[in-house]
Every structure is written in C-alpha cells, then in structure tokens.
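Participant: build me a model:
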Amino acid sequence: MYSTIQFVHSIWAYLVLAILVITTINSLAKFFGKKEYGAKDMRLALFTLITMHLQLLIGLVLFFVSPIGLNAITTNGMGGLSSAARKLAVEHPTLMIIAIVLVTIGYSKHKKQRLSTPKFKKLAIFYTLALIAVLAMIPWNQWF
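Facilitator: Numbering: from 1, shown residues only. Predicted coordinates:
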C-alpha cells in the first residue's frame, strides 16, 4: 500500500508542479500585459487549486502510512531524525501545506475582485509564493 501511495503522490506531483507553473506564468503575463480576465483564467486557477488539494490528501495519507513520516517521528523522536529524515517528515509537509494555503488564499481573494488587473495581481502574488515554496521543498534527489 505504501509503495502505491508513494507512486501516486510522486506522479501527481508532476501534474501539480506543471499546472502551478502554467497558472503562475499566465497570471504574471496577463497582469503585466494588462489583459482581460476570462473563463480560461478562472479554469486554470481552479484546476491549480483542485490538483493541489488532491495532492495534499494523498500526501496526508502517505504521511501516516509511510515509514519516513509519522512513524519515523514516533520511533526516533524529533531529536533522533537525521537532517534528510527531518526534511521529509517535518519540513516538506509543513511547507507544502503552507503552499496550499497560499494558493487557497490567492484563489479566494481573486474571486472577490471585480476588475481584471487586481484579479491577476492576487493570483500572481499568492501563486508565485506558493510556487517558490513548492520548488524549495521538492525532494529533488528522489524525483529524478
């Protein structure tokens, strides 16, 4: 079960990263280009929100069934974790949750705006911060 969930979490991460990059670039380009907000932009922002929340659910399941998640913390204690184990068991989940919160806040705030420029500004700010957080916490050595 663990290996299947880890595989799904890893594969889904590629989709999450791709759609987050696309939505962030789209928001930045249309904000600086003073473009009009359309249905495509709404779908991109919503799809990013949905994919990230699904990744959170998969990640939470993985955290509880993984030997390097909660099990490593309860077995070794926080002081007994190596830096690599701490990154996977504590830092990665924490910063990824923060990234998902940023996307959720950005999506929520952009919906309240009536004009295109403020909509893109909210999306650009929050989605860029989320993208930075995601890129900082991806375990690159395990990805490739």
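Participant: switch to C-alpha atoms for all contacts and neighbour counts from now on
Facilitator: Fine.
Participant: any low-confidence regions in this structure?
Facilitator: Regions of the chain meeting the criterion pLDDT under 70 cover residues 143-144.
Participant: ok, longest helix in it?
Facilitator: Criterion DSSP state H: the longest helix present in the chain is helix 2-32.
Participant: got the residue ranges for the strands in the chain?
Facilitator: Counting by DSSP state E, the chain has no strands at all.
Participant: so where do the helices sit in it?
Facilitator: 2-32, 39-65, 70-76, 83-86, 92-111, 116-137, 140-143.
Participant: can you list these in TSV and add mean neighbour count?
Facilitator: Output for the helices of the chain, formatted as TSV (neighbours: other Cα atoms under 10 Å):
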stretch	mean neighbour count
helix 2-32	17
helix 39-65	18
helix 70-76	14
helix 83-86	14
helix 92-111	20
helix 116-137	20
helix 140-143	8
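Participant: which elements pack onto the longest helix of the chain?
Facilitator: helix 39-65, helix 116-137 (3 or more Cα pairs under 8 Å, 6 or more residues apart in numbering; DSSP states H and E).
Participant: please consider this matter closed, and thank you.
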